[in-house]
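Asker: Mind looking at a prediction? Sequence and model below.
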Amino acid sequence: MTKSLRDRAKDATKEIQDILGVSADSHPKEVADAIEQTITKALLEERSRCAVVAANFIDDRDKAHLLSEEINRINTALVANLSALR
């Protein structure tokens, strides 16, 4: 089964706490939130960058526009799903 972004953030939090030698009670939610937000922001920025690159390399403007709209639709769904995980 695929792990959710939140599960991955929690795993990363545990790893960071182990590396730093701090207790698991040392702000785990805040650390997991920061990791999750950073990953989400990076994913959204990369999707936007991909839309721009695709639009620049597709000769047919209608197809480029449709592709850009589909990428934006997926971005919206991604944000909604990630927000629901909180």
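Answerer: Done, it's in.
Asker: Distance of Lys10 relative to Arg49?
Answerer: 28 Å (Cβ to Cβ, to the nearest Å). Heads up, the C-betas are built off the backbone N, CA and C, glycines and all.
Asker: Looking at these two, which has the bigger crowd around it?
Answerer: Lys10 (18 against 10; other Cβ atoms under 10 Å).
Asker: Work out for me the element Cys50 sits within.
Answerer: Here Cys50 sits within helix 28-57, counting by DSSP states H and E.
Asker: Now that helix: buried residues?
Answerer: Pro28, Val31, Ala32, Ile35, Glu36, Thr40, Ala51 (16 or more other Cβ atoms under 10 Å).
Asker: My guess is the last one contacts Ile74. True?
Answerer: No. Under the criterion of Cβ atoms under 8 Å, Ala51 is not in contact with Ile74, lying 9.6 Å apart.
Asker: returning to what we had before: now the element after the helix holding Cys50, going C-ward?
Answerer: Taking DSSP H and E, what comes next after helix 28-57 is helix 61-85.
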